[in-house]
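K.L.:
Dropping the sequence and predicted coords here.
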Amino acid sequence: MRALALLTLAVMLTALPERPSRAEGDAQLGARAFDACTACHSLIPGRHMTGPSLADIWNKKAGTIAGFPRYSPALEAADIIWNYESLDAWLANPRAFIPKTRMTFPGIDDGNMRADIIAFLQAVSSGQMKAESGNTNGGMMGDMMHGAATSLKAPAPGQQVVAIGYCGDTYDVITADGETLQYWEPNLRFKTDSSADGPTAGKPAIMPSGMLGDRASIIFASPTEIGALIKLTCK
């Protein structure tokens, strides 16, 4: 009788509809959750930031997005296809999933949030949702970190750098409106942006940063311009 009961139970369980192995993510919630990723990733094809564009990541082999040159050897060597299972493991703990990756993001503990972000990425890759559903400009942090979320081709006179003097521990930055901005040398960074949004050659732009307004970045079209523009002014 016991054997018959177990057999009956097995038949009943087999007849039940298959239960989903995971809860489906909500792509709309994922679009909002993805804002946490926009400081480093865009959803615009070919627009790479600190990390690669994620516009068409679904079912792609890890480390193969065209035009992104900064993959870690560990990620390039990983035989991984980005799908639900791999993205879930990656978002939970990137460095545990692929040791020696350059990904600094520590991971997301909330499984529902991970599912939502994955659903959003899948919807964007398939064309079911437009990239604009997420914050593709990088948000405020993206603007500060990337420096090129807004085009620098035609900066305002107060942003266009015409000369840089250096003496002691101080940089004097002269802008096109005639103002001279002074920065302690550790507080001024020199960057380049060769993208379509970057500055015109010979016309670097200064972007303020830091909560106190005492820091800034000067963005050049190419590295060869940096030393050529800075002049020693000590007498």
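P.N.:
That came through fine.

K.L.:
Mind telling me what element the residue most central in space within the chain is part of?
P.N.:
The geometric centre of the chain, computed from its C-alpha atoms, lies nearest to C40 (CA atoms, centre = their mean), at 1.4 Å. For C40, there is no enclosing helix or strand under DSSP states H and E.

K.L.:
can you tell me how far it sits from H48?
P.N.:
Taking CB to CB, to the nearest Å as the measure, C40 falls 10 Å from H48. Just so you know, the C-beta spots here come from the backbone N, C-alpha and C atoms, and that holds for glycine as well.

K.L.:
Could you chop the chain up by domain?
P.N.:
As assigned by automatic domain parsing, the chain contains the domains 21-143, 161-232.

K.L.:
what's the span of the last one from first residue to last?
P.N.:
Spelled out, it's domain 161-232. Domain 161-232 has its terminal residues 16 Å apart, counting by CA to CA, to the nearest Å.

K.L.:
Could you identify the helix or strand that succeeds the host helix or strand of G227?
P.N.:
Remark: G227 resides in helix 224-229, with elements defined by DSSP H and E. Secondary structure here is assigned by DSSP H and E; on that basis, the next helix or strand after helix 224-229 toward the C-terminus is strand 230-232.

K.L.:
ok, and what's touching that following strand?
P.N.:
Outside of strand 230-232, the residues that reach it under the criterion CB atoms under 8 Å, 6 or more residues apart in numbering are 163-167, 171.

K.L.:
Just put these in JSON lines and tack on pLDDT, distance to L75 and neighbour count.
P.N.:
Compiled in JSON lines, the contacts of strand 230-232 are given as follows (pLDDT from 0 to 100; distance: CB to CB, whole Å; neighbours: other CB atoms under 10 Å):
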{"residue": "A163", "pLDDT": "96", "distance to L75": "42", "neighbour count": "14"}
{"residue": "I164", "pLDDT": "97", "distance to L75": "38", "neighbour count": "21"}
{"residue": "G165", "pLDDT": "96", "distance to L75": "43", "neighbour count": "16"}
{"residue": "Y166", "pLDDT": "96", "distance to L75": "39", "neighbour count": "16"}
{"residue": "C167", "pLDDT": "94", "distance to L75": "44", "neighbour count": "12"}
{"residue": "Y171", "pLDDT": "95", "distance to L75": "37", "neighbour count": "21"}
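
K.L.:
and which of the residues you listed is nearest to L181?
P.N.:
Nearest to L181 among the contacts of strand 230-232, counting by CB to CB, is Y171 at 8.4 Å.
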